[in-house]
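J.: Could you work out the structure for the sequence below:
(one chain, ligands or ions: 1)
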Amino acid sequence: MSSPWTRVEFEERLRALGSRYHIHHPFNRMLNGGRATPMQIRGWVANRFYYQVAIPQKDAAILANCPDREVRRDWVQRILDHDGFELGGIQDEGGIEAWLRLAQATGLERKEVQDLRHVLPGVRFAVDAYVNFARRAPWQEAVCSSLTELFAPEIHQQRLANWPEQYPWIESQGLDYFRQRVSRARRDVEQGLAITLAHFDTHALQQRALEVLQFKLDVLWAMNDSMAQGYGVS
Ligand SMILES: O=C(O)c1cc(C(=O)O)c2c(n1)C(=O)C(=O)c1cc(C(=O)O)[nH]c1-2
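T.: Numbering: from 1, shown residues only. Alright, predicted model coming up:
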């Protein structure tokens, strides 16, 4: 039997899977390289809305499966991040609302995004696979599957750096979602990584963690494949 990697080595292996992140997908490279048409951007925004609304359901599934109160206390924050909240005079509109404002900034109507009419079958299948995985898998595996967020700050920063120049017709306020996510993704990753490094502590479990992260990378990749087919890539 092989011995487990040290935590440092294990984390390096997880991070190495970043080479398969959707930041490298031709559809994303087109989007963030300034070559997308307004129709392609709107298609992406409307389809990604389905991912945005699924995330809190996915996180609720993790909470439902997790018997550890300390973990739940931290994890519940993710649902508030996306759904928003109003508590003791403090109000946060949440990420889903911010995404709808992004949609409006690209020229989409709220209604046509909210009713999911533009969501492509492949995007729906991929996102549903993620939520169903979180419902059925051991909660630590579902936590591990969220670790694509290790690579997310860079993709959000790419958009913040390039979109205003490349797509000046999108109002800058529409990009608030990406501004919010940079710090929130870093905080999420700290938490998800701590749980993953502690739980997956044998060679077999560490291999399993890599498979789980690859599954989630595939979800994001498949979404992009589907959008590339639906809207074209240049
Ligand atoms: O724009 C992106 O490319 C991107 C990717 C990911 C990701 O890597 O899963 C997330 C997000 N954005 C995001 O905004 C977000 O809130 C988020 C939550 C999660 C998750 O798995 O819990 N991933 C992501």
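
J.: List the buried residues of stretch 106-121.
T.: Thr106, Leu108, Val113, His118, Val119, Leu120 (16 or more other Cβ atoms under 10 Å). Every residue, glycine included, has its C-beta placed from N, CA and C.

J.: Tell me the gap between whichever strand or helix holds Val212 and the middle of its chain.
T.: Assigned by DSSP states H and E, Val212 belongs to helix 203-231. Relative to its chain's centre, helix 203-231 lies at 12 Å (Cα atoms, centre = their mean, to the nearest Å).

J.: if we can go back for a sec, which one of the buried residues of stretch 106-121 sits closest to Ala60?
T.: Val119 (20.4 Å; Cβ to Cβ).

J.: does that closest one sit in a helix, a strand or a coil?
T.: Three-state assignment for Val119 (DSSP: H, G, I helix; E, B strand; the rest coil): coil.

J.: How about Glu86?
T.: strand.

J.: From Phe85, how far out is the nearest residue to it once chain neighbours are set aside?
T.: Leaving aside its chain neighbours, Glu86 sits nearest to Asp92 (7.9 Å; criterion: Cβ to Cβ, 6 or more residues apart in numbering). As for Asp92, its distance to Phe85 is 6 Å (criterion: Cβ to Cβ, to the nearest Å).

J.: Also Arg110?
T.: Counting by Cβ to Cβ, the gap from Arg110 to Phe85 is 20 Å.

J.: what's the helix holding Val212 packed up against?
T.: helix 7-16, helix 26-32, helix 38-65, helix 121-136, helix 139-145 (3 or more Cβ pairs under 8 Å, 6 or more residues apart in numbering; DSSP states H and E).

J.: of those, which approaches the ligand most closely?
T.: helix 38-65 (4.9 Å; Cβ to the nearest ligand atom).

J.: what pLDDT does the residue nearest the centre of the chain get?
T.: The chain has Glu149 as the residue nearest its centroid, 6.3 Å off, counting by Cα atoms, centre = their mean. With respect to pLDDT, Glu149 scores 97.

J.: With Ser234 instead?
T.: At Ser234, pLDDT is 89.

J.: Run a quick neighbour tally on it.
T.: 10 (other Cβ atoms under 10 Å).

J.: Any chance of CSV for the buried residues of stretch 106-121, columns distance to Ala161?
T.: CSV is the format used below for those (distance: Cβ to Cβ, whole Å):
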residue, distance to Ala161
Thr106, 18
Leu108, 23
Val113, 25
His118, 27
Val119, 28
Leu120, 28
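
J.: now, among the residues you listed, which is nearest to the ligand?
T.: Using Cβ to the nearest ligand atom, those come closest to the ligand at Thr106, 14.7 Å.

J.: you'd agree the closest one is up against Gln40?
T.: No - in this structure, Thr106 is not within contact of Gln40 by Cβ atoms under 8 Å, at 10.4 Å.

J.: How many residues are close by the residue in the chain positioned nearest to the ligand?
T.: Relative to the ligand, the nearest point of the chain is Thr148 (3.3 Å; Cβ to the nearest ligand atom). Thr148: 22 surrounding residues under other Cβ under 10 Å.

J.: For it, give me its contacts.
T.: Tyr21, Leu213, Lys216, Leu217, Leu220 (Cβ atoms under 8 Å, 6 or more residues apart in numbering).

J.: let's see it at 7 Å
T.: Contact analysis of Thr148 by Cβ atoms under 7 Å, 6 or more residues apart in numbering lists Tyr21, Lys216, Leu217, Leu220.
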